[in-house]
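*Asks:* Okay, predicted coordinates and the sequence, questions at the end:
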Amino acid sequence: MVALTFPGRGEPQAQEDQGQEALLRVEAAVPGMPAAPGEPPQEPVGPVGEAGAGRRSWLSPLSVRGSLEMPLPAHEAWAVFAPVERWREWDWKGSADARWLEGPPWTVGSRLRVGHRPFTFDCVVTAADPPSSVTWEGRGLWFHGRHTFAFTAAPGGCVVEQREVFTGHGARLLRPLIRWFWHHQLTALAGACRASRNVGA
């Protein structure tokens, strides 16, 4: 597997994942790779030239993971992340139109809008265990996505991990976009966490 890592300064570097933790790593599963808990298995693709292999690859879901260390304990990083209406303050590029549509925040069944016009998606919260993790699902264009944010304690702060499974025709074509966007979003959240820490100092 090839992981895209961001060492914290300079340009992103593509390197082979040899098991060492990076500050930020975005990984995309390949067909036939074991799925993470709660994610659908990747449909296997046969050898090149096997009848139907190209079609199966086109229809295969895309399972993506990305994580970044935050300079705050998990519950404090969650407090920075949780107010959806404030996402635009630290992630205007990707979340300018984010807001709650219906229901109490971060409860199963509540509905929220994510994204930045013209690319906004109305989603429903399908799992909620704040401040540990939340999951929402939504549909946009011809894709369906299930997105999870998880906050895990780590030395010096916590690790925020994003996990998403996309299904739909051509879902795997989203991989370059997700790699770029998660780099932006997670580093923006880390910046908001640093600003929160400095205010509280």
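*Replies:* Yep, that arrived.

*Asks:* Now Asp97: which helix or strand?
*Replies:* Asp97 is part of no helix or strand when elements are defined by DSSP states H and E.

*Asks:* To what extent is it buried, counted in neighbours?
*Replies:* Close neighbours of Asp97, defined as other Cβ atoms under 10 Å, add up to 17. Where C-beta positions appear, they are placed from N, C-alpha and C, glycine not excepted.

*Asks:* And the longest helix seen in the chain, what's buried?
*Replies:* Under DSSP state H, the helix in the chain containing the largest number of residues is helix 175-200. For helix 175-200, burial by neighbour count (16 or more other Cβ atoms under 10 Å) applies to 178-179, 181-183, 185-190, 192-193, 196-197.

*Asks:* do stretch 121-138 as well
*Replies:* Judged by neighbour count (16+ other Cβ under 10 Å), stretch 121-138 contains these buried residues: 121, 123-125, 128, 130-131, 133-138.

*Asks:* ditto for stretch 146-154
*Replies:* Counting neighbours by 16+ other Cβ under 10 Å, one finds that the buried residues in stretch 146-154 are 146-151.

*Asks:* among those, which are in strands?
*Replies:* Judged by DSSP state E, the buried residues of stretch 146-154 include 146-151 as members of strands.

*Asks:* what residues are up against Leu186?
*Replies:* By Cβ atoms under 8 Å, 6 or more residues apart in numbering, the contact set of Leu186 is 24, 66-68, 160, 162.

*Asks:* secondary structure element for Lys93?
*Replies:* helix 92-95.

*Asks:* so how far is Gly191 from the nearest residue to Pro130 once chain neighbours are set aside?
*Replies:* The spatially closest residue to Pro130, leaving aside those adjacent along the chain, is Trp106, at 5.2 Å (Cβ to Cβ, 6 or more residues apart in numbering). Trp106 sits 22 Å away from Gly191, taking Cβ to Cβ, to the nearest Å as the criterion.

*Asks:* Please apply the same query to Gln162.
*Replies:* 16 Å.

*Asks:* Ok, Arg88 next?
*Replies:* The value you get for Arg88 to Gly191, if Cβ to Cβ is used, is 14 Å.

*Asks:* circling back to that earlier point, by contact count, what packs against the helix holding Lys93?
*Replies:* Applying 3 or more Cβ pairs under 8 Å, 6 or more residues apart in numbering; DSSP states H and E, we find helix 92-95 packed against strand 111-116, helix 175-200.

*Asks:* what sits up against that helix?
*Replies:* 87-88, 114-116, 181, 184-185, 188.

*Asks:* From the ones in strands among the buried residues of stretch 146-154, pick the one nearest Thr167.
*Replies:* Using Cβ to Cβ, the shortest approach to Thr167 within those belongs to Arg146, at 8.6 Å.

*Asks:* so who does the closest one touch?
*Replies:* By Cβ under 8 Å, 6+ apart, the neighbours of Arg146 are 126, 135-137, 164-165.

*Asks:* follow-up on the earlier one: as TSV, the ones in strands among the buried residues of stretch 146-154 with pLDDT and distance to Gly170 would be great.
*Replies:* Below are those laid out as TSV (pLDDT from 0 to 100; distance: Cβ to Cβ, whole Å):
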residue	pLDDT	distance to Gly170
Arg146	95	17
His147	95	18
Thr148	97	22
Phe149	97	25
Ala150	98	27
Phe151	98	32
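
*Asks:* Nothing else from me, thank you.
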